[in-house]
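Peer 1: Just to be clear, the model below is a prediction. Sequence and coordinates:
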Amino acid sequence: MKRILTMFFVLLTASVISGCGQKGKSDSPVLAEVGKAKITQDEFTNEISRIPDWAREQFSNKEGKEKFLEELIKRELIYQDARKMKLDKDPEYLEKKKEFERMSLVALILKKEVEDKAGVSDEEAKAFFDKNADKFTIGTKIRASHILVDTEEQAKKIHARIKKGESFSKLAQSLSKDKGSAVKGGDLGYFGRGQMVPEFEQAVLRLKIGETSEAVKTRFGFHIIQLTDIQKGETASFEQSKEAIKRQLLAEKQRALADTYIEGLRKKFEVKKNEDKLAGVTLPWEKAPEK
């Protein structure tokens, strides 16, 4: 039941995600009419192709196709009622539409300027494997410690203190916002491939035992990472490692292209920041000070 309800709401929003109401070619066969609107075969196949893998089986037979068409009819009924109520003029809708257009344009240009321009060949992957073959194993466990902070500036200051000889463990205990590992001096224990976010894992793989990374950005914040031990498993072949290598190299290329693209934009458009105003911003989850 939960999956059926989820599917219904996916279908309700699919026209927004796919470009706001694509109805297919005018000469496409009409499968249903809802008021003056027509649901065509082109629209039906476009929408059904977006169904997640786990749900496709239930729409594969005659009964399933009828069920899916009924969901499209429900969506069209709700859409027409919303238009009749003039919700397309509602300020909340217009604001969401504006934000959707902004994010769609951002996603489109990043695809053109970053994703489409980055690629990794088998030859590049093989060259990387040959240079780092000792790091590609099956069952290898890595042990690392980290210090997690909110800003790159904080991370850089901590890294500088470590380089001057201060204890990584003590700095982790006093400064890391990951309290679970902080009490253990930043120790994360042993972990295998795929257990950490890609940026973290890639940074660890570049280190030698005892080495400490510079600031590493992930969705959690900025990390200073120290590799403390490696328990090696069996050596992997290139074929076993190829896809992982390609993903890693592709992520690195895309990140480099994105950084270069953004830096170019900074030269193209003037950017001004008001640090004083920013410091005074009250976050939505923070309690406003009492008068």
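Peer 2: Noted; the coordinates are in hand.
Peer 1: use CA for all of it now, contacts and neighbours both
Peer 2: Fine.
Peer 1: and this structure, what are its domains?
Peer 2: 2-85, 141-231 (automatic domain parsing).
Peer 1: Just give me how far the shortest one sits from the chain centre.
Peer 2: Here the centre of domain 2-85 is set off from its chain's centre by 27 Å, with C-alpha atoms, centre = their mean, to the nearest Å.
Peer 1: How about residues contacting stretch 153-171?
Peer 2: 147-149, 184-186, 214-215, 222-224 (C-alpha atoms under 8 Å, 6 or more residues apart in numbering).
Peer 1: Run through the strands of the protein in chain order.
Peer 2: 30-34, 37-40, 137-138, 141-149, 187-191, 216-218, 221-231, 234-235 (DSSP state E).
Peer 1: Check which residues of the fourth one are buried.
Peer 2: Residues 141-149 are the ones in strand 141-149 that count as buried (16 or more other C-alpha atoms under 10 Å).
Peer 1: Turn those residues into a markdown table, including pLDDT and distance to residue 252.
Peer 2: Shown next, in a markdown table, are those (pLDDT from 0 to 100; distance: C-alpha to C-alpha, whole Å):
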| residue | pLDDT | distance to residue 252 |
| --- | --- | --- |
| 141 | 89 | 23 |
| 142 | 92 | 21 |
| 143 | 95 | 23 |
| 144 | 96 | 22 |
| 145 | 96 | 23 |
| 146 | 96 | 21 |
| 147 | 96 | 23 |
| 148 | 96 | 22 |
| 149 | 95 | 23 |
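Peer 1: circling back to that earlier point, possible to save the contacts of stretch 153-171 as JSON lines with distance to residue 70?
Peer 2: Listed next are the contacts of stretch 153-171 as JSON lines, based on distance: C-alpha to C-alpha, whole Å:
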{"residue": "147", "distance to residue 70": "53"}
{"residue": "148", "distance to residue 70": "50"}
{"residue": "149", "distance to residue 70": "50"}
{"residue": "184", "distance to residue 70": "57"}
{"residue": "185", "distance to residue 70": "58"}
{"residue": "186", "distance to residue 70": "55"}
{"residue": "214", "distance to residue 70": "55"}
{"residue": "215", "distance to residue 70": "52"}
{"residue": "222", "distance to residue 70": "48"}
{"residue": "223", "distance to residue 70": "50"}
{"residue": "224", "distance to residue 70": "54"}
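Peer 1: nearest to residue 95, of those residues?
Peer 2: residue 222 (32.5 Å; C-alpha to C-alpha).
Peer 1: Many thanks, we can stop here.
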